[in-house]
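Enquirer: Pasted the sequence and its predicted model underneath.
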Amino acid sequence: MQAARGDFQDIFNSPKGRVPEGLCAVCKGSKMLCGKDRCPLMIKFHSQSRSMRLMEGRELTGCSPPAVFVGRYGYPKVDIGPLLPPLMGDTSLLDTPERWVGRSIDEIVDFRYSMVRGMHRVDARDLSAGGRIVDQVQEMALMRDPAEVEASFSRRPSGRLVLDDEVQPFGPSAPLERMRTSNGRFQRDMEKAFHDTDLKATEAILNLYDEGVMVSDIQKALSVGTLGVGKRRRFVPTRWSITAVDDTIGLHLLDSTKHNPTIDEFRIYQWEQLDNRWLILMTPTSWRYELIEAWYPKTTWNPYGREVSIVSDHEFHNGRKEYARIGGCYYAARMAVNELLTKEGRQAGAVILREAHPGYVMPVGVWNVRENVRAALSTLPYRYGTLEEALGHVDRTMDIPRQRWIHNSGVLKDMMTQRRLDDFL
């Protein structure tokens with residue numbers, strides 16, 4: 001087996017860092033030739049082995065959480081459809097990431113791979129041309145409770161492992177021939193926004209958020225074209241709708257928190273989940289924000305590296321114009337921080353440090369950032385009088401020393417090198 005590992009060593013160290021074709025067949029999830037501590041394919045297999053026995057044909061009946069998915073490949077021609085488990089009863093947990101904090105990665109993968117994705121091809125810009133399936137998918141996205149669905153596919157559902165840090169994993173898929181859904185109650189506020197065809201999408205998102213509708217439900221409603229001015233409504237790929245809602249809410253909250261008085265101490269919130277270690281440093285300054293992610297070797301986004309790979313994005317009081325290279329995680333965490341500041345009526349700077357350790361063997365979606373930052377900020381913080389004291393906490397808590405965090409940080413460097421009016425008072 002040492003020979004087999006050595007044969008692929010050059011590929012592991014190459015810039016592309018791709019698993020060579022056939023390696024998984026040689027490994028079969030037991031020899032860990034790709035370098036991971038656990039095989040993502042085997043996690044998927046064990047989950048599907050429990051669910052696929054119930055999906056042997058082209059017909060499927062079950063209760064959707066309700067859940068829907070809008071693809072992005074080929075846009076504006078995209079696949080839309082329901083996510084449907086072969087289960088009856090209350091399946092709402094399968095598509096409610098707000099309830100997943102504390103769950104193991106195996107449980108989360110089980111939730112997602114138990115659901116079949118039905119695919120119906122539509123033009124995302126023309127909601128009227130999609131037929132009855134479009135109407136049914138939109139209705140499902142507005143429902144308050146799980147909906148019983150009968151679906152027929154053109155072939156038996158099959159699937160491949162989709163690794164995406166933005167959207168939650170999903171199970172096997174197949175083209176949808178027809179579907180029938182039971183009648184259900186709509187969420188009142190979602191139904192109101194759906195029928196208000198003069199209300200802009202941004203206003204609808206913020207109204208729903210203010211009414212206490214879960215962020216994941218708002219993202220779903222935006223994705224299937226039930227929000228916005230009537231003639232401008234579109235199907236929005238699920239990946240895009242997630243970040244659009246996080247960004248819209250976060251910026252709305254930030255418009256207020258920027259003008260609040262600052263907190264009067266340095267705070268540190270810390271949290272661990274799914275072998276991710278979080279440390280959130282809040283500073284008694286005007287708004288500035290940064291997310292720094294450290295991916296250890298053998299994690300999804302650093303599978304063949306020998307050293308920790310660190311990426312970061314930041315903004316100061318005037319915000320940023322270009323899209324964060326970290327992606328949707330940046331906007332999800334920013335929204336969570338401003339939720340706390342809004343609740344307290346305060347302003348602060350925030351630097352979020354994330355260590356993704358090898359136990360995080362596959363991405364499970366941007367919700368992981370949003371909900372775990374929320375969870376961290378719900379705990380009692382450690383309070384310090386100086387930045388030096390707070391950075392001492394970083395050294396005691398994180399595996400990566402402060403010097404490397406500072407080296408990769410725009411906000412911390414600025415705080416340590418720029419003199420401000422307060423320094424002279």
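Expert: Noted; the coordinates are in hand.
Enquirer: I'd like the average pLDDT over stretch 252-266.
Expert: In this model, stretch 252-266 has a mean pLDDT of 97.
Enquirer: likewise stretch 122-140?
Expert: For stretch 122-140, the per-residue pLDDT averages 90.
Enquirer: Give me the pLDDT value at the closest residue in space to His252 that isn't next to it in sequence.
Expert: Spatial nearest neighbour of His252, excluding adjacent residues (Cβ to Cβ, 6 or more residues apart in numbering): Leu206 at 5.4 Å. Bear in mind the C-beta positions are built from the backbone N, C-alpha and C, glycine included. As predicted, Leu206 sits at a pLDDT of 98.
Enquirer: Leu206 touches Leu253, doesn't it?
Expert: No: at 9.5 Å, Leu206 does not count as touching Leu253 under the criterion of Cβ atoms under 8 Å.
Enquirer: Domain ranges for the chain, per the record?
Expert: 2-34, 41-181, 188-257, 266-424 (automatic domain parsing).
Enquirer: And those, which one averages the lowest pLDDT?
Expert: domain 2-34 (a mean of 47).
Enquirer: now the strands for this structure?
Expert: Ranges of strands in the chain, per DSSP state E, are 59-64, 68-70, 77-84, 116-123, 147-153, 173-181, 266-273, 276-283, 288-295, 309-315, 349-356, 382-384.
Enquirer: Mean neighbour count and distance to Met398 added to these, as a markdown table?
Expert: Output for the strands of the chain, formatted as a markdown table (neighbours: other Cβ atoms under 10 Å; distance: least, Cβ to Cβ, whole Å):
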| stretch | mean neighbour count | distance to Met398 |
| --- | --- | --- |
| strand 59-64 | 20 | 41 |
| strand 68-70 | 26 | 36 |
| strand 77-84 | 24 | 37 |
| strand 116-123 | 21 | 38 |
| strand 147-153 | 20 | 44 |
| strand 173-181 | 18 | 39 |
| strand 266-273 | 20 | 9 |
| strand 276-283 | 22 | 6 |
| strand 288-295 | 23 | 8 |
| strand 309-315 | 19 | 12 |
| strand 349-356 | 25 | 6 |
| strand 382-384 | 16 | 13 |
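Enquirer: out of the ones you listed, nearest to Asp196?
Expert: Comparison of those against Asp196 by Cβ to Cβ identifies strand 68-70 as nearest, at 20.6 Å.
Enquirer: That closest one pairs with which strands, parallel or anti?
Expert: Strand 68-70 has the following sheet partners, assigned by DSSP bridges: strand 77-84 (antiparallel).
Enquirer: Pull the distance from the partner strand to the chain's centre.
Expert: Relative to its chain's centre, strand 77-84 lies at 19 Å (Cα atoms, centre = their mean, to the nearest Å).
Enquirer: relative to strand 116-123, how tilted is that strand?
Expert: Interaxial angle of strand 77-84 relative to strand 116-123 (axes from the mean of the first three to the mean of the last three Cα atoms, to 10 degrees): 150 degrees.
Enquirer: now the angle between strand 59-64 and strand 77-84, please.
Expert: Inter-element angle recorded for strand 77-84 and strand 59-64: 80 degrees (by the same axes, to 10 degrees).
Enquirer: CA-only coordinates of strand 77-84 in PDB, if you can.
Expert: The C-alpha trace of strand 77-84 is given here as PDB (Å, rounded to 0.1, in the frame of the first residue of the first chain):
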ATOM      1  CA  LYS A  77     -32.200  27.800 -18.500                       C
ATOM      2  CA  VAL A  78     -32.200  26.100 -15.100                       C
ATOM      3  CA  ASP A  79     -33.700  23.100 -13.300                       C
ATOM      4  CA  ILE A  80     -36.200  23.700 -10.600                       C
ATOM      5  CA  GLY A  81     -38.100  21.200  -8.500                       C
ATOM      6  CA  PRO A  82     -38.900  19.800  -5.000                       C
ATOM      7  CA  LEU A  83     -36.700  18.000  -2.600                       C
ATOM      8  CA  LEU A  84     -38.600  14.900  -1.500                       C
END
